[in-house]
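> Fold the stuff below for me.
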Amino acid sequence: MSGGKLGKTRIWLFLIDNLETWPGPKFSSGFSCLVSSQGYPWGLGESHFQSDLDGRLLLSEGQYLPLIEVHKPAILPGKLIHKLCDRVASSTLLEDRRDAVRALKSLSKKYRLEVGIQAMDHLIHVLQTDRSDSEIIGYALDTLYNIISNDLEEEEQEENSQKQTEDLESQFTEIFIKQQENVTLLLTYLEEFDFHVRRPGVKLLTALLKQQGPQVQQVILVSPMGVSRLMDLLADSREVIRNDGVLLLQQLTKSNAAIQKIVAFENAFERLLDIITEEGNSDGGIVVEDCLLLLQNLLKNNNSNQNFFKEGSYIQRMKPWFEVGDDNAGWSAQKVTNLHLMLQLVRVLVSPTNPPGAASSCQKAMFHCGLLQQLCTILMATGVPADILTETINTVSEVIRGCQMNQDYFASVNAPSNPPRPAIVVLLMSMVNERQPFVLRCAVLYCFQCFLYKNQKGQGEIVSTLLPSTIDATGNSVSAGQLLCGGLFSTDSFSNWCAAVALAHALQENAPLKEQLLRVQLATSLGNPPVSLLQQCTNILSQGSKVQTRVGLLILLCTWLSNCPIAVTHFLHNSANVPFLTGQIAENLGVEERVVQGLCALLLGISIYYNDNSLENYRKEKLKQLIEKRIGKENFIEKLGFISKHELYSRAAQKPQPNFSNPDDMMFDHEFTKLVKELEGVLTKAIYKTTEEDKKEEEVKKTLEQHDNIVTHYKSVIRVQDQELEDLKKQVESLKVQNEQLQARVTQQVSQIQQHKDQYNLLKVQLGKDNQHHSSGNDVVQMNGVQSEEISKLREEAEEWKHKLEQLEEQLREKDSLIEVLKSSPPAVGTSEGSSQTKTGLEVESELHREAETLRAQIHLQTTEIALLQTEKQELLQQMSAAPAPVPGDRGTETADLEGRFTALLQETKELKNEIVGLAEERTSLKQQLDSANSTAAILRTEKSALQQEIAESKKEQDDLLVLLADQDQKIVALKNKLKELGEPVEDEEDTESGDQGEEDEEDGKGERED
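Okay, the predicted model is just below:
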């Protein structure tokens, strides 16, 4: 082939076999392309090329190179790709197929559509048949990845073709996963350790998940050990593959709870936390960011994984993430990103949307491991970036929300200032400062709300800083109450709103504090008398300030007056308040003022519903008449509905954290939306009720209150009885313990007696042997005389023992008769408490009976042994009387021996007497123990009789209470029927109380069955 035969423009396309000796440009893909206008490329002449029979070009050095020449670039892709696909399909040599696949890889980035359409089936076939060659498999996987995923930078992509490219990727992905075997085949290649196979496989599977996530997830889920194979990527020693594995798992775990659970139980938490630690925690690079994103996928909205994370003590491993030094200047962008994700991960575990039990356990774990303390350190540190500080405040807010222990700790945190100030005060200073960023002020407000959520102690501390008795007269320190009042009456409308909402949270569901706040007096100006906080709020409201300010004040007043008749009376006592509210509601104002009109209607409705009719001019009937004359009931209800129909109301009702981008959008608070939802229907009914219906409702309320008082009294009686029963159970348990101790002592003494018996038997045997082998005339007579005297003493002692044993037996018989009397006494019948107590008494009696039987058996054994001893003594006396006469002979020697043995017998007899004395002492101890057992039985009998008497009294009281309850129930049913006849709906408060009573009875029954 000659360069002169080509046209003016030539495209030289070379597939390079040996890059080291190739004189032209060298590319990593083994592919070179040059467009030249004349001659041969790279300064080569015709002599450098020779044509062989196969149509290949031969360099002069002897290297064969495939060469394709075309005149028009438009013709190149299709023909070339088609030729390469034919070579992949038909070539028998592996090297040829490998070269062709490598060429397709080089073309796949620029000509994705052509390569994808013509070569995808051939590439899949290569994956199925050429598994033994890792190089061609790697090329095939890379080519498929280039087809499915577009790695070109956004600048290189034309805007018009971007959507077309995304559609192309989705279509090729759908073609590939249409056969599930392809995904399964790809999973098998992830087990290969070869870098050039494993990494392209990971990238290809990640691209498939990006394009068709749910379908690929389902295939992996049903594939045997599919998820486990992917988890092995995190253990790969090559960081590139490990990091790609993290990205793969990110895509795999998106929106699939089943896969999230499998990944979590495959030890993903341990491995990811290890990677984060190895990379340097928050100082790490993008790998830490990827690991944190994967952890968020596994934990967010997955209660099972959250519980597993907590039970695995992984929360404790999060503490080092938030260790910051004194110098916090110059944080890198990656560190800010990492720390932001770490804070978000903490919030995932304690989010208000989680089940209360799960969030509470995580909050406690964070306090015990020191994580909350570490977050508070960041909160009070200097030099922390603003967005990190804001997110830290939000995180601390949710860690302490509703957890009394964490709220108490947060109240004790002080800022490092001179003098030290509480963290709450420092945060409130930022909230009421209009120069602070909007998101920071919102975060502080959320933190304050979370601190007061279900925290009556904290609410009391905040309100106490407003009361006259606790205000610092020196003015050296600023309190939380003073900051709230300052924000409430400042010129910044957003500060007004934040302070009003914060103060409303201090009164949330706390009637005593609402009454206490009525005592707060404010000095408006010099020379003027002080006015109450309630009066000052209404004064500012009537002055026509900004909408946001008025909305905040109305939220505060509605929260303050709800469920507090005394506050309603104080509000109505100011004669200007009701005309102002009716005027606001009756006017036809603009769209922006509709929120104010709705809140005014809500405040007036609260003043009617919680009115105790203590002011003659502002009784419920007169206020309703005023509404009907000046506003109209339908118009009033319509204005009341403006609140819930507002767009900002719906956004605020979604979650507790304020989520608005503009300060002007801050109109409603999440907790206030709950109050509106609770009161809207109630107030609507209250407006339409007549005077007679109100009176009947008051009567029903009084009756229900009486019923509640009776039920409360009944519950208190049951609680007292339960407490008494618990005390008696404890006494029985203590008596059981004492009985066990006495039994142990008796067992120990029995073992000691047995040891003494064994010693006595041994001495007796030795004495018998001496009497058989050694006996002589006078010495024997003398010895017999001595032994007779000793035996007579022993006989007397034995008689004493027998007499004492008879006394013990008599005592035991009395005890048996007493036990029989206790058994024959009729058990108490009635309440479950009586049956439980009787059962406990019978158990004690049976234990005492068993103890008496044990003691009787021991005494019987001792009596038998004494009889045996007496028999053996008689046998010894007979043996000595029948002893043969001495043989004449060496009489002096035998006499000396007898004297020695006689001395030994005297010594042994003395030892026996000492042992008998010891046995007598032990008998005395046993008698004392028996007396103690008798006294215990007497005490138990007394307690039993007292218990039976208490049970009878309790039954009588319960019967009386049941009669009263039956009467009350009949009255309530009658009243309900009257209400139904009048057409009024009847609430199920009584049914709710009955359900509560039933649950308590079931709990009592369960407790008795367990006893």
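> Kindly provide the distance from residue 591 to residue 598.
Counting by CB to CB, to the nearest Å, the gap from residue 591 to residue 598 is 12 Å. C-beta: built from backbone N, CA, C; applies to glycine.
> neighbour count winner among these two?
Remark: of residue 591 and residue 598, residue 598 carries more neighbours, 25 against 7, as counted by other CB atoms under 10 Å.
> Looks like the more buried one contacts residue 648 (just checking).
No - using CB atoms under 8 Å as the test, residue 598 is too far from residue 648 to be in contact (11.8 Å).
> Mind giving me the packing neighbours of the host helix or strand of residue 430?
Using DSSP states H and E, the element containing residue 430 is helix 423-431. On a contact count with 3 or more CB pairs under 8 Å, 6 or more residues apart in numbering; DSSP states H and E, helix 423-431 meets helix 371-380, helix 404-412, strand 414-415, helix 438-452, helix 480-488, helix 493-506.
> Could you identify which of those is most buried?
helix 493-506 (a mean of 25; mean count of other CB atoms under 10 Å).
> Does anything pack onto that one? Which helices or strands?
Using 3+ CB pairs under 8 Å, 6+ apart, helix 493-506 sits against helix 423-431, helix 438-452, helix 456-464, helix 480-488, helix 547-561, helix 670-688.
> out of those, nearest to residue 348?
helix 438-452 (16.1 Å; CB to CB).
> Let me see the mean pLDDT of that closest one.
The average pLDDT within helix 438-452 is 95.
> Equivalent analysis for stretch 143-161, please.
For stretch 143-161, the per-residue pLDDT averages 66.
> now do stretch 467-483
Rounded mean pLDDT across stretch 467-483 is 71.
> repeat for stretch 393-410
The model assigns stretch 393-410 a mean pLDDT of 96.
> Stretch 207-227 too?
Mean pLDDT, stretch 207-227: 90.
> buried ones in that stretch?
For stretch 207-227, the neighbour count (16 or more other CB atoms under 10 Å) marks 207-213, 215-220, 223, 226-227 as buried.
> hmm, back to that, and of the helices and strands packed on helix 493-506, who's closest to residue 935?
Among these, helix 456-464 sits nearest to residue 935 (CB to CB), with 50.3 Å.
> Give the other helices and strands that the closest one contacts.
Here helix 456-464 touches helix 404-412, helix 438-452, helix 480-488, helix 493-506, helix 511-517, going by 3+ CB pairs under 8 Å, 6+ apart.
> of all the ones you listed, which lies closest to residue 723?
helix 404-412 (25.4 Å).
> Low-confidence stretches in the stretch 51-200 of the chain?
51-77, 151-166 (pLDDT under 70).
> how about the helices in it?
Here the stretch 51-200 of the chain has its helices, by DSSP state H, counting those that start in this stretch, at 76-90, 94-108, 112-129, 134-148, 159-177, 180-189, 195-211.
> what's the most buried one of those helices?
It is helix 134-148: most buried of those by mean count of other CB under 10 Å, with a mean of 25.
> List the contacts of that helix.
The contact list for helix 134-148, computed with CB atoms under 8 Å, 6 or more residues apart in numbering, reads 94, 97-98, 101-102, 104-105, 108-109, 112, 115-116, 119-120, 123-124, 126-127, 130-131, 169, 172-173, 176, 189, 192, 194, 196-197, 200-201, 203-204, 207-208, 211.
> Check stretch 81-97 too.
Defining contact as CB under 8 Å, 6+ apart, one finds that stretch 81-97 is touched by 68, 99-101, 103-104, 107, 111, 114-115, 118-119, 122-123, 125-126, 130, 133, 136.
> Pull the distance from that stretch to the chain's centre.
In terms of CA atoms, centre = their mean, to the nearest Å, the centre of stretch 81-97 is found 60 Å from the chain centre.
> So for it, first residue to last residue, what's the gap.
From its first residue to its last, stretch 81-97 covers 13 Å (CA to CA, to the nearest Å).
> ok, now stretch 541-551?
Per CA to CA, stretch 541-551 runs 9 Å from first to last residue.
> buried sites along that stretch?
541, 542, 547, 548, 549, 550, 551.
> Could you list which residues are in contact with the closest residue to the fifth one other than its chain neighbours?
Which is residue 549. Closest residue in space to residue 549, ignoring its immediate chain neighbours: residue 496 at 4.2 Å, by CB to CB, 6 or more residues apart in numbering. By CB under 8 Å, 6+ apart, residue 496 lies in contact with 487, 488, 489, 490, 545, 546, 548, 549, 552, 553.
> The third one contacts residue 536, correct?
Yes - in this structure residue 489 lies within contact range of residue 536 using CB under 8 Å: 7.3 Å.
> Just want to know which of the two has more residues nearby.
Just comparing residue 489 and residue 536: by other CB under 10 Å the higher neighbour count belongs to residue 536, 19 against 16.
> ok, the more buried one - contacts?
Counting by CB under 8 Å, 6+ apart, residue 536 touches 489, 522, 524.
> Return the closest of those residues with respect to residue 279.
Using CB to CB, residue 489 comes nearest to residue 279 of those, at 51.4 Å.
> Could you say which helix or strand holds the residue nearest to the closest one when sequence neighbours are not counted?
Spatial nearest neighbour of residue 489, chain neighbours left out: residue 540 (6.8 Å); criterion: CB to CB, 6+ apart. Under the criterion of DSSP H and E, residue 540 resides in helix 533-542.
> What residues sit buried inside that helix?
Per 16+ other CB under 10 Å, helix 533-542 contains these buried residues: 533, 534, 535, 536, 537, 538, 540, 541, 542.
> And the helices and strands packed on helix 493-506: which comes nearest residue 950?
Of all these, helix 456-464 sits nearest to residue 950, with 37.4 Å by CB to CB.
> The closest one: which residues count as buried?
Judged by neighbour count using 16+ other CB under 10 Å, the buried positions of helix 456-464 are 458, 459, 461, 462, 463, 464.
> contact partners of that helix?
404, 407-408, 411, 451-452, 470, 480-481, 484, 505-508, 510, 513, 516-517.
> same question, stretch 262-281
Here stretch 262-281 makes contact (CB under 8 Å, 6+ apart) with 221, 227-228, 231, 234-235, 242, 246, 249, 252-253, 284-285, 287-288, 291-292, 294-295, 298, 302, 304-305, 308-309, 312, 314, 317, 320-321, 323, 338.
> Weed out the non-buried ones from these.
Buried subset of the contacts of stretch 262-281 (neighbour count, 16+ other CB under 10 Å): 227, 231, 234, 242, 246, 249, 252-253, 284, 287-288, 291-292, 294-295, 298, 302, 305, 308-309, 314, 317, 321, 338.
> In helices, which of those residues fall?
Secondary structure defined by DSSP state H assigns 227, 231, 242, 246, 249, 252, 287-288, 291-292, 294-295, 298, 305, 308-309, 338 of the buried ones among the contacts of stretch 262-281 to helices.
> doesn't residue 516 make contact with residue 567?
No - with contact defined as CB under 8 Å, residue 567 does not reach residue 516; the gap is 10.6 Å.
> When these two are compared, which one has more neighbours?
residue 567 (23 against 16).
> packing partners for whichever strand or helix holds the more buried one?
Using DSSP H and E, residue 567 sits within helix 565-573. When contacts are defined as 3+ CB pairs under 8 Å, 6+ apart, helix 565-573 sits against helix 511-517, helix 533-542, helix 547-561, helix 594-609.
> Of these, give the one that comes closest to residue 574.
In terms of CB to CB, the element of those nearest to residue 574 is helix 533-542, at 6.3 Å.
> Centre of the chain to the closest one, how far?
For helix 533-542 - counting by CA atoms, centre = their mean - the centre lies 44 Å from the chain centre.
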